[in-house]
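*Asks:* Fold the following.
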Amino acid sequence: MRVISGEYRGRRLKAPAGGHVRPTSDRVREAIFDILYSLGGVDGFQVADLFAGSGALGIEALSRGAASVTFVERDPASIAAVRANLASAGLDDAEARGEATVIRADVDSWVTSTASRYDLVLCDPPYDYDGWESLVTRLPGDLVVLESGAELPSVPGWVVLRSKRYGGTIVTVARPDRASEKGVS
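*Replies:* Predicted coordinates for the structure are as follows:
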């Protein structure tokens, strides 16, 4: 795994030990950020990387100009991998500078309790995750990228901008439906 583009391009990243994390492949990560670029990019964005695993998605966002990334992960080995990968990418002082925040928490609980709002939420849970409908309705983002192993159910209040399969991974990009928020039909 490596950082695909931007300031930290080519820096090597490692998955957490134990094989319980399925890192987003370089190909899929590149496709995600190509889609985001076509929508205006991530420059200056406040980003949340949920189910962070190795932190590769959030680090890619930082490399491409995001102002800050909040990494949320419950597994201690993954938290250690995120911090090691930040250091490997040359971002070892990113937490001290406020560019990175690493939070050890269950994502479902964190989403319910956070008061923060993000320009972009990157969400890549394990493929057997079954809480999509509940989670998506609570995501604190103006734009979300959802990675899954199967088609996601449609969620009221959200508009799918793009959805594409890359091998065994489906990438869905969505935003809140502003018309439904205002009661407009």
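
*Asks:* hang on, residue 39 packs against residue 161?
*Replies:* Yes - the criterion here is C-beta atoms under 8 Å, and residue 39 meets it with residue 161 at 7.2 Å. Backbone N, C-alpha and C define where each C-beta goes, glycine included.

*Asks:* any idea how far the residue nearest the centre of the chain lies from residue 137?
*Replies:* By C-alpha atoms, centre = their mean, the chain has its centre lying nearest to residue 122, at 2.0 Å. Relative to residue 137, residue 122 is positioned 17 Å away (C-beta to C-beta, to the nearest Å).

*Asks:* same deal with residue 104?
*Replies:* 24 Å.

*Asks:* give me the low-pLDDT residue ranges for this structure?
*Replies:* For the chain, the stretches with pLDDT under 70 are 18-22, 179-185.

*Asks:* re earlier: need the residues touching each of residue 39 and residue 161.
*Replies:* residue 173 (C-beta atoms under 8 Å, 6 or more residues apart in numbering).

*Asks:* helix or strand right after the strand or helix carrying residue 72?
*Replies:* Element membership of residue 72, judged by DSSP states H and E, is strand 68-73. Under the assignment DSSP H and E, the closest C-terminal helix or strand after strand 68-73 is helix 76-88.

*Asks:* by contact count, what packs against that next one?
*Replies:* Using 3 or more C-beta pairs under 8 Å, 6 or more residues apart in numbering; DSSP states H and E, the elements in contact with helix 76-88 are helix 56-63, strand 68-73, strand 100-104.
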